[in-house]
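[1] fold the following.
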Amino acid sequence: MVEMDTQNLTGDGIKEPGDKGNLNLWQKISGVLWGGPRETFEDIAARPGVAAIVILLTTVNFILALPLMFKMKEFTLWSIQSNPAAASTPAHTVSMAATVAMVGTLVGAVLGPLIIWLIMAGLLKLFNAFTGENAPFNTLFAVTVYAYLPVMLASVIRAMLIMISPIQNIPKISTGLSMLLPGDHTGRLYVLLSQIDPFTIWGLVLLAVGSSVAMKVPAVKTGIYVGVLWVIFVLIAALITPSPAVGM
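    Residues are numbered from 1 along each chain as shown. Okay, here's the model as predicted:
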């Protein structure tokens, strides 16, 4: 057994991918989440098929979005009706806004993650162009999809909270540190703290581990790169959020 492990090690101590065998979908999901992410990513890197996991996550998001569509319609109508400046808004405009909210919820749930996976895989490929062994884009895409699993768990939790919460509390629902702020707190600090989410950080750690396996570089290198990207995203999200007006 020791001899076999030695043969499966590269010169820098990083195992060749795929030494754990051909894992099924559930074994990959459970392995990434709690059963040994590095070993599981080795198998994913060797066999980077993503059709099953993409279909599964997209289906779950679609199912979650179906009841949320109507909740977001109610929230949109409530937001318009609660704004004195919108009292004279034509009825057809209000109806259109509600319809857009419903459609946007459904489309965003289905296409949003796919766009995120493609962007992150592209950013990993950019990093890979300057360091490590060449990893195919589909391998990095597979790593990105599986690393998204903790974020998916957070999405399920938020969807459940939205469904049981009053309409006016929807903007305050978060799994990040923003939940610790006063109930009516909004603005840049809220957005900043909402991005400091244990599920997001969990996913970033998995992304660093998985990409290090795919590229055959130490995880500290991919971890620094992924961490810098996340900090940049958090700062941009906070900066583009307008501060609440004084007295609001």
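[2] which ones are touching the most centrally placed residue in the chain?
    Taking CA atoms, centre = their mean as the criterion, Val151 is the residue nearest the geometric centre of the chain, at 4.4 Å. Counting by CB atoms under 8 Å, 6 or more residues apart in numbering, Val151 touches Phe199, Thr200, Gly203. Just so you know, the C-beta spots here come from the backbone N, C-alpha and C atoms, and that holds for glycine as well.
[3] okay, it: pLDDT?
    Val151 carries a pLDDT score of 95 in this model.
[4] helix, strand or coil: sort out Gly49 for me.
    coil (DSSP: H, G, I helix; E, B strand; the rest coil).
[5] and it, what is it in contact with?
    Ala142.
[6] so who does Val234 touch?
    Leu192, Gln195, Ile196.
[7] low pLDDT regions in the chain?
    For the chain, the stretches with pLDDT under 70 are 1-21, 85-87, 183-186, 242-248.
[8] mind listing the helices for it?
    2-7, 25-30, 37-46, 51-82, 91-128, 137-147, 149-164, 188-195, 198-215, 219-239 (DSSP state H).
[9] looking at those, which is closest to Leu177?
    Nearest to Leu177 among the helices of the chain is helix 188-195; the distance by CB to CB comes to 4.1 Å.
[10] off-centre distance for the closest one?
    16 Å (CA atoms, centre = their mean, to the nearest Å).
[11] contact partners of it?
    By CB under 8 Å, 6+ apart, helix 188-195 touches 174, 176-178, 180-181, 230, 233-234, 237-239, 241, 243.
[12] could you check the angle helix 219-239 makes with it?
    Angle, helix 188-195 to helix 219-239, by axes from the mean of the first three to the mean of the last three CA atoms, to 10 degrees: 150 degrees.
[13] now do the closest residue in space to Ala142 that isn't next to it in sequence against Asn138, distance only.
    In space, Ala142 comes closest to Pro48 once its chain neighbours are excluded; the distance is 3.7 Å by CB to CB, 6 or more residues apart in numbering. To Asn138, Pro48 is 5 Å away according to CB to CB, to the nearest Å.
[14] what's the answer for Gly122, then?
    Applying CB to CB to Gly122 and Asn138 gives a distance of 12 Å.
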